[in-house]
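Engineer: show me how the following folds:
(chains A and B)
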Amino acid sequence: MAKKHIKFYGGVHPSEGKVSNSESIVNAPLQELYTVPLQQHIGAPTKPVVQKGDKVLRGQLLAEAGGFVSAPIHSPTSGTVKDLTTCLSANGSKTPAMIIESDGEDKTADPLPPFENWEETDPAALKARVGEAGIVGMGGAMFPTIVKFSPPQGVVIDTLILNGVECEPCLTADHRLMLETPEVIIKGARIIGRILGVKRIVIAIEMNKPDAIDTLTQAAKGTDVTVMPLIVRYPQGAEKQLVYAVTGRTVPSGGLPAAVGCVVSNVATTAAICEAVCLGKPLYERVTTVTGTPLVKPGNFRFRFGTLFRTALELCGGVSENPAKIISGGPMMGMAVYSLEIPIVKGTSGITLMSRDEVVQYTPSACLRCGRCNDVCPMTMMPGILSAQIEHQRFELAEKWHVLDCIECGSCAYVCPARRPLVQHIRRAKAVVSAARKAAAAAAAKK
Amino acid sequence: MTEQTIKMPDTSQLVVSSSPHYHDRDTVQKIMFKVIGALTPAALASVYYFGWRAFMVIALCMVSCAAFEALFTRMMGRELAINDGSALLTGMLLGMNLPVTVPIWMCLVGSLAAIGLGKMVYGGLGGNPFNPALVGRVALLIGCPAAMTTWVKPVGCGFAKWVDATTGATPLALIAHCDATTTATRKAVESVASAGYPSVLDLFVGNCGGSLGETCAIALIIGGIFLICVNIIRWQVPVCYIGTVAIFTGIAYAFEPCAHFNPILHILSGGLMLGAFFMATDMVTTPLNRKGSVVFAVGCGILTCVIRLWGSYPEGVSFSILIMNALTPLIDKFTAGRPFGK
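Structural biologist: Coordinates of the predicted model:
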């Protein structure tokens, strides 16, 4: 029997609002134009390998990785490179992008030979495939997966944790993927298991998805993959909290799960890895939840990267009332956007709309010192004290009070009865402190 | 559905803000009114035992605290914030810490001290290091000790006119007197008992002399449990506070049963229940995290016992909480946890 999980400290339980969990995944229809950003990962920018006017096929390389911590970009469909330009990304910045004009034929290039017999393939070749297919963390972080799979010399990874937690309210993309393609996920898990040489593979799913737990348990029969149901608690999908919940190991401050012998991979990423290895399919599409009360018909869609938010909302039949917020991601950690001309990228797990009633703009009042932010902080920090320090520009003090350990889950700001922007202050301080550290390091290097 | 009929969002109306976009529904105002609600059973009990004047004292303190807060916020050029309920709560707690015989002018002075000295001089809600209601009570206790320790025995037949009640000492005053005469013999305790020593049941339901809100233990416990259930107070605080008092007085009783009250009477008498559930749990003036709260509560318990057993005052709850309030920043500093993984 599977081992019992451990409850991580803190956390909150926002209303789940997962209204689209019974909507099957629909393949979004082919678009005429795709706005494909050339940076869909954290790390070095990519280098374009096609030029304006070039004919491309679906899955063809558009831009190659610009370094080890980087991920190549592939064409979402067949057609012509209409333009090399910039586009708006969800965080509000401009990013270089390629406009692909579809020829409507959707001819596939299939440039990557599938590994039919992956069970006997050299793990290094499988790992290289994860890199060439442009796989990044699809839970939202968009960290190149190949880097995650390359632990430092001497570090032994013994546990692979598949993140099917989906603790973010409203989002159901991973849930649907687990229900509809369990065998792909299990196979992907075993491929990653081979790459890393792990002893234990655990799929972690919160108990609010009993159907997914059943489906995957069934699909995992006869394999070395186990399913572990977890209590429902935000932010359990955060790596450090998940590693703790599943294994009881504490990832050291500033460290990665690899430091305690674990690798965490999102279920969507895992499925993409399976497809990259077994079908030779590079990452050019993903399942995204489009949801929210203002939408006529929320749903889960398989979008090619470069599809605009506008198209996604049109597929849901538009809105019944004017939304007050459109969020790239979910309501707890997603980014509010101000335009519909933003493309869906590798990390877009959802698009959440919020109505006027749901979006209340609060005036913060004085801290009551109720301590609720302390009680919910999964990193056992003191957000109330930190935000007071930051408001007084005491960044050096905030650094001493471990501001950089914050995972920005927003639980503190969620519970604050005085409506204080706690995590927002902390984010600002993190930026200031990291910049100061970088500057200090640069100055030290000059000497 | 055709293109024309699809309504698309008007992006000029969009709000852009930093996550989280969801928010818990609890607010400062809701918290304050929940605490007021939790105090209501004890307040009603005080009206039951001490008559309508009890109601008047509590209501007067609430109104005057709100009025003083309004006055001071205006003087400070701030936005009026009395609808957050914190001044009403301070007034209610202050009223419940006064004897029923307290003159009206003292209610006003107490409110002025509580709101002025206890809260607004520090910048208002959130800035005060000491519990405002206790500042008000202690100011009156030091200024007018006679009026603050004139207790009446409730008549116990419900909503009686207060003037009919006879004057009597609180149980703690009785035992303090017993200690002072140093006739530490069982006989003395027995004589105290015969002089109007209340039974455990009387203490539990509040049929004894004392401040308005501190007598009815059962009503305070009900209110306290409600606050624990709605996550406004931490169960650790009353449990550790009362537990410390029980252990401390229990040890004292075990060594000298003749000289001391038994622990059950200690727990049920005086302001301990009110203090443990409603004062030592005040958010603003107590430590931020759970570990700190436990340290705070144990400290309160020890100080209360020290004052009760060896101090010159019969009651130590107010002073012990105020002293621990002063130590709160220090407790916060030393109980600040290391971040996960450090």
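
Engineer: the closest residue to chain B within the stretch 1-150 of chain A: what secondary structure?
Structural biologist: Nearest residue of the stretch 1-150 of chain A to chain B: A:Pro14, at 4.8 Å (C-beta to the nearest C-beta). In this view, the C-beta of every residue, glycine as well, is placed from N, C-alpha and C. Following DSSP: H, G, I helix; E, B strand; the rest coil, A:Pro14 is assigned to coil.

Engineer: could you measure from it over to A:Val376?
Structural biologist: Remark: distance between A:Pro14 and A:Val376 (C-beta to C-beta, to the nearest Å) = 11 Å.

Engineer: what do those two both touch?
Structural biologist: Listed as contacting both A:Pro14 and A:Val376 by C-beta atoms under 8 Å, 6 or more residues apart in numbering or on different chains are A:Tyr414.

Engineer: which one of the two is surrounded by more residues?
Structural biologist: Neighbour tally, A:Pro14 and A:Val376, criterion other C-beta atoms under 10 Å in any protein chain shown: the higher count belongs to A:Val376, 25 against 22.

Engineer: gap between that one and A:Met178?
Structural biologist: For A:Val376, the distance to A:Met178 - C-beta to C-beta - is 27 Å.

Engineer: quick check: A:Ser89 touching A:Ile344?
Structural biologist: No - between A:Ser89 and A:Ile344 there is no contact, the gap being 10.8 Å when judged by C-beta atoms under 8 Å.

Engineer: neighbour count winner among these two?
Structural biologist: Neighbour totals were compared for A:Ser89 and A:Ile344, and A:Ile344 leads with 31 against 19 (other C-beta under 10 Å).

Engineer: looking at the more buried one now. What's its pLDDT?
Structural biologist: Looking at A:Ile344, its pLDDT is 97.

Engineer: so who does it touch?
Structural biologist: A:286, A:288, A:303, A:305-309, A:312, A:351.

Engineer: who wins for neighbours among those?
Structural biologist: A:Ile351 (31 neighbours).

Engineer: lowest confidence element among the helices and strands of chain B?
Structural biologist: helix B:186-194 (a mean of 45; mean pLDDT, DSSP states H and E).

Engineer: identify, from the contacts of A:Ile344, the entry nearest to chain B.
Structural biologist: Nearest to chain B out of these is A:Phe309 (C-beta to the nearest C-beta; 9.5 Å).

Engineer: got any ranges where the stretch 101-250 of chain B has weak pLDDT?
Structural biologist: B:153-198 (pLDDT under 70).

Engineer: rerun at 80
Structural biologist: Residue ranges of the stretch 101-250 of chain B with pLDDT under 80: B:149-210, B:215.

Engineer: just the helices in it please.
Structural biologist: B:104-112, B:132-143, B:145-148, B:171-180, B:186-194, B:200-205, B:217-229, B:236-255 (DSSP state H, counting those that start in this stretch).

Engineer: same check, this time on chain A
Structural biologist: A:123-132, A:145-148, A:173-180, A:182-196, A:210-219, A:239-247, A:267-278, A:309-315, A:372-376, A:383-391, A:395-400, A:411-415, A:422-446 (DSSP state H).

Engineer: which strands or helices does the fourth one pack on?
Structural biologist: Taking 3 or more C-beta pairs under 8 Å, 6 or more residues apart in numbering or on different chains; DSSP states H and E as contact, the helices and strands that helix A:182-196 lies on are helix A:123-132, strand A:159-164, strand A:200-206, helix A:210-219, strand A:225-230, strand A:262-266, helix A:267-278.

Engineer: run through who's touching it.
Structural biologist: The contact list for helix A:182-196, computed with C-beta under 8 Å, 6+ apart, reads A:118-119, A:121, A:123, A:126-127, A:130, A:149, A:151, A:157, A:160, A:162, A:164, A:177-178, A:198, A:201, A:203, A:215-216, A:218-220, A:223-225, A:263, A:265, A:267, A:270-275, A:277-278.

Engineer: PyMOL command to pick out the buried ones of these?
Structural biologist: Restricted to buried positions by 16 or more other C-beta atoms under 10 Å in any protein chain shown, the PyMOL selection for those reads:
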select buried, chain A and resi 118+121+123+126+127+130+149+151+157+160+162+164+177+178+198+201+203+215+216+219+220+225+263+265+267+270+271+272+273+274+275+277+278
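
Engineer: and the closest residue to chain A within the stretch 101-250 of chain B, how many neighbours?
Structural biologist: Each residue of the stretch 101-250 of chain B has a distance to chain A, by C-beta to the nearest C-beta, and the smallest belongs to B:Gly126, at 3.4 Å. Close neighbours of B:Gly126, defined as other C-beta under 10 Å, add up to 18.

Engineer: how near is the nearest residue to A:Ala268 once chain neighbours are set aside to B:Leu94?
Structural biologist: Nearest residue to A:Ala268 in three dimensions, chain neighbours excluded: A:Met138, at 4.1 Å (C-beta to C-beta, 6 or more residues apart in numbering or on different chains). Remark: distance between A:Met138 and B:Leu94 (C-beta to C-beta) = 58 Å.

Engineer: got the contact list for A:Val69?
Structural biologist: By C-beta under 8 Å, 6+ apart, A:Val69 lies in contact with A:42-44, A:144, A:147.

Engineer: now B:Ala81
Structural biologist: Contacts here follow C-beta under 8 Å, 6+ apart; on that basis B:Ala81 touches A:365, B:69, B:73, B:124-125.

Engineer: neighbour-wise, which one of the residues you listed leads?
Structural biologist: B:Glu69 (28 neighbours).

Engineer: that residue is in what secondary structure piece?
Structural biologist: helix B:52-75 (DSSP states H and E).

Engineer: give the closest residue to the residue positioned nearest the centre of chain B in space, chain neighbours not counted.
Structural biologist: With distances taken as C-alpha atoms, centre = their mean, B:Met279 lies nearest the centre of chain B, 3.4 Å away. Using C-beta to C-beta, 6+ apart and skipping residues adjacent in sequence, the residue nearest B:Met279 is B:Ile321, 5.1 Å away.

Engineer: my read: that neighbour touches B:Val135, true?
Structural biologist: No - judged on C-beta under 8 Å, B:Ile321 makes no contact with B:Val135 at a distance of 10.6 Å.

Engineer: and chain B, is stretch A:139-155 touching that?
Structural biologist: No - using C-beta under 8 Å from any C-beta of the partner chain, stretch A:139-155 never reaches chain B; the gap is at least 11.3 Å.

Engineer: so what touches that stretch?
Structural biologist: Residues outside stretch A:139-155 that contact it (C-beta under 8 Å, 6+ apart): A:40-43, A:65, A:68-71, A:127-128, A:130-131, A:135-137, A:157, A:163, A:174, A:192, A:195-196, A:237, A:256, A:258-259, A:261, A:263, A:265-266, A:268-269, A:273, A:329, A:333, A:345-347, A:349.

Engineer: mind doing that once more with 6 Å?
Structural biologist: A:41-43, A:69, A:71, A:127, A:130-131, A:135-137, A:157, A:195, A:258, A:263, A:266, A:329, A:346-347, A:349 (C-beta atoms under 6 Å, 6 or more residues apart in numbering or on different chains).
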